[in-house]
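[1] Fold the following for me, if possible:
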Amino acid sequence: MALTQDDMKRAVAQAAIAYVPNDCIVGVGTGSTANFFIDELARIKNKIRGAVASSEASAKRLQGHGIEVLSLNDAGDLPVYVDGADEITRHMHMVKGGGGALTREKIVAAASQKFICVCDASKLVDVLGKFPLPIEVIPMARSYIARELVKLGGQPKLREGFTTDNGNVILDVHNLQIMNPVELETTLNQLAGVVTNGLFARRGADVLLLGTPDGVRTLTA
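    Residues are numbered from 1 along each chain as shown. Sure thing, here's the model as predicted:
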């Protein structure tokens, strides 16, 4: 019987558990694959001290499993962060933020010694940009940032009816071919009013656990 996408996500979530040291605080991402990881983490919850969540939704799921959720301020640096991606290249550059948690994801990733990306094979691409690039923006800067994004060759669209956990809005930028992700990430971050953007290139993944019909493939930076 052919493996479903959920089967592949579950397989990479199980594989990610091997990267979690005993007696540590784990950084946990947001989204469907991260949810599978949280469910797997519940099986070893007595071996860890707790978790730092990158969204309110992940925090609730962790707490539902009886896993203590700490703030990053209280936890300090983390040994490992496990999260999915909307797109990822073999260079470990990612587009993230389809679920809208990109800012907190980027902060927790930056505070972690190792970033383990877990996703199914459909997310591996040669060039980033087919998935619209999310950008979290201070509301008053929305129109200004949109005009600047058009100058960069993108087509920004407001994510209707959505507010981030930080109280901001998201512009999803379509039709970008992201040939130099590190450079573009820097350019976008310098626009006044951008909180952060969904390019994870300056701090990419260290390990990619890729779910395929033939099992889990491991790629490293």
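
[2] ok so Ile107 is a helix residue?
    Yes: under DSSP: H, G, I helix; E, B strand; the rest coil, Ile107 falls within a helix.

[3] That one contacts Leu72, correct?
    Yes: assessed by Cβ atoms under 8 Å, Ile107 is found in contact with Leu72 at 6.7 Å. Any C-beta I mention is one placed from the backbone N, CA and C, and that applies to glycine too.

[4] more crowded one of those two?
    Using other Cβ atoms under 10 Å, the more surrounded residue of Ile107 and Leu72 is Leu72, with 19 against 15.

[5] Could you report the pLDDT at the more buried one?
    If you check Leu72, the pLDDT there is 97.

[6] just Ala2 next, same as before
    73.

[7] mind starting the numbering at 32 from now?
    Okay, residue one is now 32; in that scheme the one you just asked about reads as Ala33.

[8] Beyond the longest helix anywhere in the chain, next helix or strand please.
    Counting residues, the longest helix in the chain under DSSP state H turns out to be helix 36-47. Downstream of helix 36-47, the first helix or strand assigned by DSSP states H and E is strand 56-59.

[9] Which parts of that following strand count as buried, going by neighbours?
    Buried residues in strand 56-59, counted by 16 or more other Cβ atoms under 10 Å: 56-59.

[10] what's the answer for stretch 187-194, then?
    187, 190.

[11] Do me a favour and average the pLDDT over that stretch.
    98.

[12] all strands of this protein, in order?
    56-59, 81-84, 109-114, 118-119, 125-126, 143-151, 164-168, 186-189, 200-205, 225-228, 230-231, 238-243, 246-251 (DSSP state E).

[13] okay if I get those as a markdown table plus distance to Ser174?
    Converted to a markdown table, these look like this (distance: least, Cβ to Cβ, whole Å):
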| stretch | distance to Ser174 |
| --- | --- |
| strand 56-59 | 34 |
| strand 81-84 | 32 |
| strand 109-114 | 31 |
| strand 118-119 | 27 |
| strand 125-126 | 23 |
| strand 143-151 | 33 |
| strand 164-168 | 10 |
| strand 186-189 | 10 |
| strand 200-205 | 10 |
| strand 225-228 | 13 |
| strand 230-231 | 22 |
| strand 238-243 | 37 |
| strand 246-251 | 40 |
